[in-house]
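# Starting from these lines, generate the structure:
(chains A and B)
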Amino acid sequence: KAGVTQTPRYLIKTRGQQVTLSCSPISGHRSVSWYQQTPGQGLQFLFEYFSETQRNKGNFPGRFSGRQFSNSRSEMNVSTLELGDSALYLCASRPPGTSNSPLHFGNGTRLTVT
Amino acid sequence: QQQVKQSPQSLIVQKGGISIINCAYENTAFDYFPWYQQFPGKGPALLIAIRPDVSEKKEGRFTISFNKSAKQFSLHIMDSQPGDSATYFCAASTGTGAGSYQLTFGKGTKLSVIP
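Numbers count the residues shown, from 1 in each chain, chains lettered A, B, ... in the order given. Sure thing, here's the model as predicted:
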């Protein structure tokens, strides 16, 4: 089975621009979560989607948004980019089952804001 | 507010030695405690996980010890190998209703195993 696929792997954007990141979950996984990883703050939860609905959101400003499509693929969007948004953005999917079934992470999209 | 505190930040261990990473949590509602391993350029990968109804879980060279009363858990890597050199994250989660799920991570421990 193919793992979680994230595209693109690297992005360089300028302050004020907006960016869209893409994630394809493992086949059969309907839950997709997004995490931001930075050296200072570590891994922080952004949001989770299930069946095209956002069912949980972390403590991030409204500039961070996402969506999920009927095939479970997900995108996240960051508008009005700030320097502090430079980070590794990780997508994770998990199989159906109990609420604590394991998360499977992709290799991330490295976003650099200049 | 950091809900999961992880130590040490970095660790150097001789090949064949035991690596020990500790985590402490505050939220007593946490009911699932996984450990993730991350290599440079890769996403975190689940290593081993434990629930609070057991005090220890072992998988190969990796063991989680869990102390519910102290709200602490630790990862032990026996017979550490250079291939174990990676960053390790402890995490905790609790169902937030409607099947929702989020992990709260520790800040990570960079392990270097020297030959």
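
# For the rest of this, base every contact and every neighbour count on C-alpha atoms.
Noted.

# State the mean pLDDT of the one helix or strand A:Q37 maps to.
Using DSSP states H and E, A:Q37 falls within strand A:31-38. Mean pLDDT, computed over strand A:31-38, is 96.

# tell me what that strand is packed against?
If contacts are counted by 3 or more Cα pairs under 8 Å, 6 or more residues apart in numbering or on different chains; DSSP states H and E, strand A:31-38 sits against strand A:42-50, strand A:87-94.

# With mean pLDDT added, can I get those strands in CSV?
Below are these laid out as CSV (pLDDT from 0 to 100):
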stretch, mean pLDDT
strand A:42-50, 94
strand A:87-94, 96
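
# mind listing the strands in chain B by residue range?
Along chain B, counting by DSSP state E, strands occupy B:4-7, B:10-14, B:19-25, B:33-38, B:45-50, B:56-59, B:62-67, B:72-77, B:86-93, B:103-105, B:109-114.

# can I get those in a markdown table with mean pLDDT and distance to A:T112?
Shown next, in a markdown table, are those (pLDDT from 0 to 100; distance: least, Cα to Cα, whole Å):
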| stretch | mean pLDDT | distance to A:T112 |
| --- | --- | --- |
| strand B:4-7 | 96 | 27 |
| strand B:10-14 | 98 | 26 |
| strand B:19-25 | 98 | 31 |
| strand B:33-38 | 96 | 20 |
| strand B:45-50 | 94 | 24 |
| strand B:56-59 | 96 | 38 |
| strand B:62-67 | 96 | 35 |
| strand B:72-77 | 98 | 33 |
| strand B:86-93 | 96 | 22 |
| strand B:103-105 | 93 | 23 |
| strand B:109-114 | 98 | 23 |
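
# Please identify the most buried of these.
Highest mean neighbour count of those: strand B:86-93, a mean of 24 (counted as mean count of other Cα atoms under 10 Å in any protein chain shown).

# helices or strands up against that one?
Strand B:86-93 is packed against strand B:4-7, strand B:33-38, strand B:103-105, strand B:109-114, with contacts defined by 3+ Cα pairs under 8 Å, 6+ apart.

# Measure how buried the residue in chain B that chain A sits nearest to is and give me the count.
In chain B, the residue that lies nearest chain A is B:G43 (4.1 Å; Cα to the nearest Cα). Number of residues near B:G43 (other Cα atoms under 10 Å in any protein chain shown) recorded here: 23.

# Which residues of chain B lie near chain A?
B:32, B:41-46, B:93-95, B:98-108 (Cα under 8 Å from any Cα of the partner chain).

# one more time with 10 Å, if that's ok
Counting by Cα under 10 Å from any Cα of the partner chain, the positions of chain B adjacent to chain A are B:2, B:31-34, B:36, B:38-46, B:48-49, B:51, B:89, B:91, B:93-108.
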